[in-house]
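Q: Return a 3D structure for these sequence lines:
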Amino acid sequence: MLGKRSSKDDDDTNDDATMGRNHRSRRAKRQKKRQQTQAEPRASSLGAPREEDEERKHEAVVETAASEQQEAQKWLDSLSEEQVFRRGLFSEESVAELRSAFRGGKPFAHVKIGRLLDEQFMRRLREELLGEEFYLKSNDLFHFVQTHDLNKCDKPLVTKLRQVMYSAKFRDFLRQVSGVELKRAEGDMFAAIYQDGHHLLCHDDELEGRRIAYILYLVPDDWSEKDGGQLDLFNVDDNGQPTDVATSLVPEWNSFACFEVSPVSYHQVREVTLGGKKKKHKKRKPRGIGASSSSSSSSSSNNNDNNDDDRDDARPPRMRLSISGWFYGDPIQRSAFVPDEPLALVEPAPVDDHKTEQEKWIARAYRKDNMLRKVNKQFMDESSIELMSFLRKDVFAQVLESLGAEEQPWTLRGPADRRHYYSLSPKQAKGRVGELCAFVLSSAFANFVSSAIELEVTVGACEVRRFDSGCYTLAHDADTEMKEEGLDVVLSFLDPHAKWKPEFGGGLHYVDADAEDELLAVNPKPNTASFIYRASGGTMRFLKYVTHRAPCRLYHLSVTFRVADDDSDSESD
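A: Residues are numbered from 1 along each chain as shown. Got it, this is the predicted structure:
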């Protein structure tokens with residue numbers, strides 16, 4: 001037992017040999033017992049102090065944090081409204097300089113103010129904001145993450161920022177700079193993070209009462225044009241519709257961009273690309289015959305130690321952090337709505353031999369009766385269908401090559417608040433592309449549609465579209481193609497070896513016109529024909545912004561057909 005000593009009889013043994021053995025044995029036993037005696041109490045005696053030490057350390061950390069928080073709050077409370085802003089911002093000279101820049105801004109009134117706020121305030125504000133919860137916002141127009149309204153945030157630095165930004169002093173400063181009367185003592189305020197691929201497409205910000213829009217940048221000190229995220233300001237045409245980018249403002253730490261909201265204040269946040277660098281995939285070598293598992297493990301370990309990609313992934317993510325919102329005043333009159341010019345509708349061109357013409361283009365599988373019955377059943381059940389490998393392989397390759405040929409006279413189609421892609425009309429299209437346009441607008445293709453999905457198409461509008469990185473279409477009320485009941489047919493072309501992922505964009509999305517719930521998404525696939533039947537006025541569609549990660553160009557041959565009325569249904573009603 002712990003601490004028990006040997007008996008006296010054992011110690012008085014006279015047998016030399018026994019004594020020697022017992023001596024050694026007792027010595028070993030005593031040594032062992034001493035170790036036990038020392039070890040066990042140490043374990044029991046040190047256990048409690050360790051817990052106490054941990055508690056004391058935790059208490060010390062809490063006390064330190066509380067003390068630091070008190071000091072931070074004391075520092076924050078000591079800052080006057082004017083001290084939150086950089087020194088000299090409100091001077092007459094500063095106001096005059098900024099007024100000249102704002103009112104002379106092109107293509108519309110704007111200004112970018114450097115070093116708006118106290119540096120220490122900004123650093124602490126950034127830390128506080130990154131503790132907020134951000135929520136994904138994604139639709140046809142934008143893709144980024146954002147906080148809830150910061151007017152509801154009670155954190156100290158955000159509260160202080162809100163107080164000084166919407167104070168009478170700062171609003172009067174903005175009035176002097178912009179010449180715009182700001183009526184309300186509060187406004188909207190949100191924080192947003194844009195990471196790789198995030199964007200906000202062309203729009204005008206015009207909602208009732210918005211008069212000045214602003215962005216306060218909290219980006220890294222070394223943020224540059226290569227990282228993207230610029231605030232792009234658009235020129236407009238004679239109808240007041242956005243055309244091309246006139247001015248780009250690169251985000252800078254502690255800078256403040258603002259502009260007057262008007263019917264022509266079209267702008268966008270350019271896609272964040274972070275230098276456009278794609279992650280490098282590490283090349284691997286085969287182990288080789290006879291390689292030992294130990295050498296393989298060693299090699300793997302060494303590779304991991306020198307893996308730059310792993311080290312990059314461990315770094316804090318690079319992001320475009322900003323706070324944005326609006327100042328409000330009297331509403332302004334909106335400009336007249338400009339409708340889209342519809343594409344030309346044509347009747348199917350007559351072809352004498354439908355079967356022969358279909359054989360030239362359509363894959364054999366889709367010309368068989370049993371396949372057409374399957375296609376018809378699915379289409380009737382779902383009102384849409386995707387037919388993979390729709391064109392003959394040789395035809396698909398020829399058309400894809402023709403789409404990329406220099407002879408094609410592509411033109412950029414806008415306006416930017418509705419669409420941005422490159423277009424060919426059937427009359428402009430050259431080579432095999434022009435021939436395919438003629439086929440889909442012929443009675444031979446109309447006959448195939450009737451056989452496959454039992455819809456009689458009357459007239460159709462055709463357009464060839466090229467989507468590079470940065471291209472998109474938006475859902476909008478001016479989309480004349482979507483007003484009528486109809487059948488959309490989209491033939492998709494892209495490099496069959498490209499690994500296109502949905503996050504690269506390019507998906508064609510159909511949404512409910514009222515609730516904007518998604519009804520259907522058609523993602524890019526090579527040599528695919530999509531047939532989508534739409535009810536009149538009930539749907540809208542858009543093509544999701546194609547990011548800089550897209551591996552190749554995407555082409556659509558897009559046809560919208562009007563559908564003949566079903567007399568039998570009308571009679572039964």
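
Q: what ranges do the helices span in the stretch 351-500 of the chain?
A: For the stretch 351-500 of the chain, helices defined by DSSP state H, counting those that start in this stretch occupy the ranges 354-361, 369-382, 393-403, 431-440, 443-453.

Q: want to try CSV for these, with mean neighbour count, distance to Phe542 and mean pLDDT as columns?
A: Every residue, glycine included, has its C-beta placed from N, CA and C. As requested, these are arranged in CSV below (neighbours: other Cβ atoms under 10 Å; distance: least, Cβ to Cβ, whole Å; pLDDT from 0 to 100):
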stretch, mean neighbour count, distance to Phe542, mean pLDDT
helix 354-361, 15, 29, 97
helix 369-382, 13, 20, 96
helix 393-403, 17, 22, 98
helix 431-440, 20, 22, 98
helix 443-453, 20, 24, 96
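
Q: With respect to Tyr545, which of those lies nearest?
A: helix 393-403 (20.8 Å; Cβ to Cβ).

Q: ok and the closest one relative to helix 431-440, angle-wise?
A: Computed by axes from the mean of the first three to the mean of the last three Cα atoms, to 10 degrees, the angle separating helix 393-403 from helix 431-440 equals 120 degrees.

Q: Which one of the helices of the stretch 351-500 of the chain lies nearest to Arg318?
A: Per Cβ to Cβ, nearest to Arg318 of those: helix 393-403, 35.7 Å.

Q: what's next to that closest one, contact-wise?
A: Contact with helix 393-403 is made by 360-361, 363, 391, 408, 430-433, 436, 464, 466, 493-495, 526-527, 555, as judged by Cβ atoms under 8 Å, 6 or more residues apart in numbering.

Q: In a markdown table, list the helices of the stretch 351-500 of the chain along with distance to Gln73.
A: What follows is the helices of the stretch 351-500 of the chain, written out as a markdown table (distance: least, Cβ to Cβ, whole Å):
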| stretch | distance to Gln73 |
| --- | --- |
| helix 354-361 | 74 |
| helix 369-382 | 60 |
| helix 393-403 | 63 |
| helix 431-440 | 67 |
| helix 443-453 | 68 |
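
Q: Quick one: closest of those to Ala344.
A: helix 431-440 (12.2 Å).

Q: The closest one - contacts with which helices or strands?
A: Contact partners of helix 431-440 among helices and strands, from 3 or more Cβ pairs under 8 Å, 6 or more residues apart in numbering; DSSP states H and E: helix 354-361, helix 393-403, strand 457-467, strand 486-493, strand 554-563.

Q: Now for the residue nearest to Asp517 when sequence neighbours are not counted, how many residues are close by?
A: Counting by Cβ to Cβ, 6 or more residues apart in numbering, Val511 is the residue found nearest to Asp517 once chain neighbours are left out, at 6.4 Å. Using other Cβ atoms under 10 Å, Val511 is surrounded by 19 other residues.

Q: same thing with the one 10 residues further on?
A: The local packing of Ala521 (other Cβ under 10 Å) involves 12 other residues.

Q: What lies in contact with stretch 422-432?
A: Outside stretch 422-432, the residues within contact range by Cβ under 8 Å, 6+ apart are 343-344, 395, 398-399, 401-402, 405, 407-413, 433-434, 437-438, 441, 462-468, 471.

Q: ok so, going back, now tabulate the helices and strands packed on helix 431-440 in JSON lines and tack on distance to Thr147.
A: Below are these laid out as JSON lines (distance: least, Cβ to Cβ, whole Å):
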{"stretch": "helix 354-361", "distance to Thr147": "52"}
{"stretch": "helix 393-403", "distance to Thr147": "43"}
{"stretch": "strand 457-467", "distance to Thr147": "32"}
{"stretch": "strand 486-493", "distance to Thr147": "37"}
{"stretch": "strand 554-563", "distance to Thr147": "34"}
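
Q: OK, contacts around Leu404?
A: In this structure residue 404 is Gly, not Leu. Residues near Gly404 by Cβ under 8 Å, 6+ apart: Arg553.

Q: ranges for the strands of the stretch 1-150 of the chain?
A: Secondary structure of the stretch 1-150 of the chain (DSSP state E, counting those that start in this stretch): strands at 110-113, 135-138, 142-146.

Q: Give me the buried positions along the helix or strand just after the longest one.
A: Beyond strand 142-146 in the direction of the C-terminus, DSSP states H and E gives the next helix or strand as helix 156-165. If you call a residue buried by 16 or more other Cβ atoms under 10 Å, then helix 156-165 has these buried ones: 156-158, 160-162, 164-165.

Q: closest to Phe90 out of the helices of the stretch 351-500 of the chain?
A: Of all the helices of the stretch 351-500 of the chain, helix 393-403 sits nearest to Phe90, with 57.9 Å by Cβ to Cβ.

Q: Let me know the angle separating that closest one from strand 457-467.
A: 60 degrees.

Q: how much distance is there from helix 393-403 to the middle of the chain?
A: 32 Å (Cα atoms, centre = their mean, to the nearest Å).

Q: give me the element Ile212 is part of.
A: Using DSSP H and E, Ile212 sits within strand 210-217.

Q: Parallel or antiparallel, list what pairs with the next helix or strand after that strand.
A: Going down the chain from strand 210-217, the next helix or strand is strand 231-236, by DSSP H and E. Applying DSSP bridges, strand 231-236 is found paired with strand 242-249 (antiparallel), strand 267-269 (antiparallel).

Q: about what we covered before: neighbouring contacts of the strand holding Ile212?
A: Contacts of strand 210-217 (Cβ under 8 Å, 6+ apart): 116-117, 174, 178, 180-182, 205, 223, 231, 251-261, 265, 320-330, 332.

Q: go on, stretch 470-482?
A: 140-141, 201, 271, 337-340, 342-343, 417-422, 461, 505, 511, 513, 516, 534, 537, 539-546, 548, 560.

Q: I'd guessed Leu89 sits against Gly114; true?
A: No. Using Cβ atoms under 8 Å, Leu89 is not in contact with Gly114, being 10.2 Å away.

Q: So for these two, which sits in the more crowded spot?
A: Set Leu89 next to Gly114 and count neighbours by other Cβ under 10 Å: Leu89 wins out with 18 against 10.

Q: who's in contact with that one?
A: Leu89 touches 113, 116, 173, counting by Cβ under 8 Å, 6+ apart.

Q: Could you export those residues as CSV, including neighbour count and pLDDT?
A: Formatted as CSV, these follow (neighbours: other Cβ atoms under 10 Å; pLDDT from 0 to 100):
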residue, neighbour count, pLDDT
Ile113, 21, 97
Leu116, 20, 97
Phe173, 17, 97
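
Q: and the nearest residue to Pro415 once chain neighbours are set aside, how far is that from Met122?
A: Spatial nearest neighbour of Pro415, excluding adjacent residues (Cβ to Cβ, 6+ apart): Gln241 at 3.9 Å. When distance is defined by Cβ to Cβ, to the nearest Å, Gln241 is 38 Å away from Met122.

Q: So for these two, which residue has more residues nearby?
A: For Gln241 and Met122, the more surrounded residue by other Cβ under 10 Å is Met122, and the numbers stand at 21 against 18.

Q: mind checking which helix or strand of this protein has the lowest mean pLDDT?
A: Every helix and strand in the chain was compared by mean pLDDT, DSSP states H and E; the lowest is helix 308-314, with a mean of 37.

Q: Residues contacting the helix or strand following that helix, please?
A: Proceeding N to C from helix 308-314, the next assigned helix or strand is strand 320-328, under DSSP H and E. Contacts of strand 320-328 with the rest of the structure, by Cβ under 8 Å, 6+ apart, involve 126, 129-130, 150, 161, 166, 171, 174, 182-184, 187-195, 198, 205, 209-219, 223, 227-229, 251, 261, 272.

Q: Noted, bye for now.
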